[in-house]
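Engineer: Here is my input; please provide its structure:
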Amino acid sequence: MGNFPEWFRYRQTDDPFITFSSVHLWTIFLFFLGLTLLFCSRHWLKKERINTTIRYLFVFFLIFGELYWYIWKAPQAKLNLASDLPLQLCSISGFIAIYVFLTRQRKPFDFLYYIGIAGGTFAILTPELPHNFPHFHYIGFMLSHITIVYACFFLLWVDDWIPSSKSIIRTFFYLNSIALFVGLINWGTGGNYMYLARKPHYPTLYDYLGPHPWYILSLEIVVLFVCLIMYLPFKRNRLHNSKEKLMSR
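Structural biologist: Predicted coordinates for the structure are as follows:
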């Protein structure tokens, strides 16, 4: 383990991550700058050859986002079932995004739109992250979550996919089904996937949602509220289109 450089070592470094430090704020700024560039380039990215190339680049970075943890940890520490299964919500969103980009199946987009964007952005703004930039863990963590969010917006802005009218109901059904399965895994392994067993060690939104297990119920309410806000533009657009159809008759 002593042969690994400081920026790659598994142990916590002498330069720990601090939420909303200058490094973190620069990361957030670059994240939103990238979103702005993606939106401004949406028409250019619709070109078939460019669109195909970008979609495979997304697949590459999404796969890296799932593998970086094992590339980093496996040579330096023992992997275990309690912490190293890809069962955090953003990992699940990453796998769904890979599937969507490779198969072009639209149905999973309902879940991906809400959970991928909200969960990924939440992780970027308040990450559970001990290592600071330029540590490999910091770069891998941020890159993986940023890629998930960008992938969702690419499907929304470039491919013109929108959530269905039943998307919130479907998202809540899938989310709670996944939580039930992951809860069983936590019970069997002693893990804390999806933070169902206890709160994160670092400051996050969970700190304002009450003690365990009540913060899970509070989080359900927060997720519902966020989903409603995220669906509002499409609801208004559907109502507008319906009115136009009635007036044209």
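Engineer: quick one: low-confidence ranges for the chain?
Structural biologist: Regions of the chain meeting the criterion pLDDT under 70 cover residues 1-2, 12, 236-249.
Engineer: just the strands in it please.
Structural biologist: Listed in chain order, the strands found in the chain under DSSP state E amount to none.
Engineer: The protein: helices as residue ranges?
Structural biologist: Along the chain, counting by DSSP state H, helices occupy 22-40, 48-73, 89-103, 109-111, 117-125, 136-153, 167-189, 214-248.
Engineer: Quick one: closest of those helices to Trp161.
Structural biologist: Proximity of the helices of the chain to Trp161 was assessed by Cβ to Cβ; the nearest stretch is helix 109-111, lying at 5.2 Å. (C-beta placed from N, C-alpha, C; glycine too.)
Engineer: re the thing from before, which one, of the helices of the chain, ends up nearest to Pro5?
Structural biologist: Distance to Pro5, taken as Cβ to Cβ, is lowest for helix 136-153 among the helices of the chain, at 9.1 Å.
Engineer: about what we covered before: what would the helices of the chain look like in TSV with mean neighbour count and distance to Leu196?
Structural biologist: Supplementary listing: the helices of the chain in TSV, determined by neighbours: other Cβ atoms under 10 Å; distance: least, Cβ to Cβ, whole Å:
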stretch	mean neighbour count	distance to Leu196
helix 22-40	13	26
helix 48-73	15	19
helix 89-103	20	10
helix 109-111	22	18
helix 117-125	20	14
helix 136-153	22	19
helix 167-189	16	5
helix 214-248	13	6
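Engineer: a markdown table please, covering these and showing distance to His201.
Structural biologist: Output for these, formatted as a markdown table (distance: least, Cβ to Cβ, whole Å):
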| stretch | distance to His201 |
| --- | --- |
| helix 22-40 | 17 |
| helix 48-73 | 17 |
| helix 89-103 | 17 |
| helix 109-111 | 27 |
| helix 117-125 | 14 |
| helix 136-153 | 14 |
| helix 167-189 | 16 |
| helix 214-248 | 15 |
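Engineer: Now do the nearest residue to Pro203 once chain neighbours are set aside against Ser218, distance only.
Structural biologist: Excluding its sequence neighbours, the residue lying closest to Pro203 (Cβ to Cβ, 6 or more residues apart in numbering) is Thr19, at 5.7 Å. In this structure, Thr19 and Ser218 are 21 Å apart, going by Cβ to Cβ, to the nearest Å.
Engineer: Can you report how many residues neighbour Lys78?
Structural biologist: Counted with other Cβ atoms under 10 Å, the neighbours of Lys78 add up to 7.
Engineer: distance of the residue nearest the centre of the chain from Pro16?
Structural biologist: Within the chain, one residue has its C-alpha closest to the average C-alpha position: by Cα atoms, centre = their mean, that is Gly120, at 2.8 Å. Separation of Gly120 from Pro16 (Cβ to Cβ): 23 Å.
Engineer: Ok, Arg198 next?
Structural biologist: Counting by Cβ to Cβ, the gap between Arg198 and Pro16 amounts to 20 Å.
Engineer: Phe4 touches Gln76, doesn't it?
Structural biologist: Yes: taking Cβ atoms under 8 Å as the contact criterion, Phe4 and Gln76 are neighbours in contact, 6.4 Å apart.
Engineer: Common neighbours of these two, please.
Structural biologist: Overlap between the contact sets of Phe4 and Gln76, as judged by Cβ atoms under 8 Å, 6 or more residues apart in numbering, is given by Tyr10.
Engineer: check contacts around Leu89.
Structural biologist: Shown here is Leu89, whose contacts under the criterion Cβ under 8 Å, 6+ apart are 115, 119, 178, 194.
Engineer: which among those residues gets closest to Leu125?
Structural biologist: Compare each of the contacts of Leu89 with Leu125 using Cβ to Cβ and the shortest gap goes to Gly119, at 11.1 Å.
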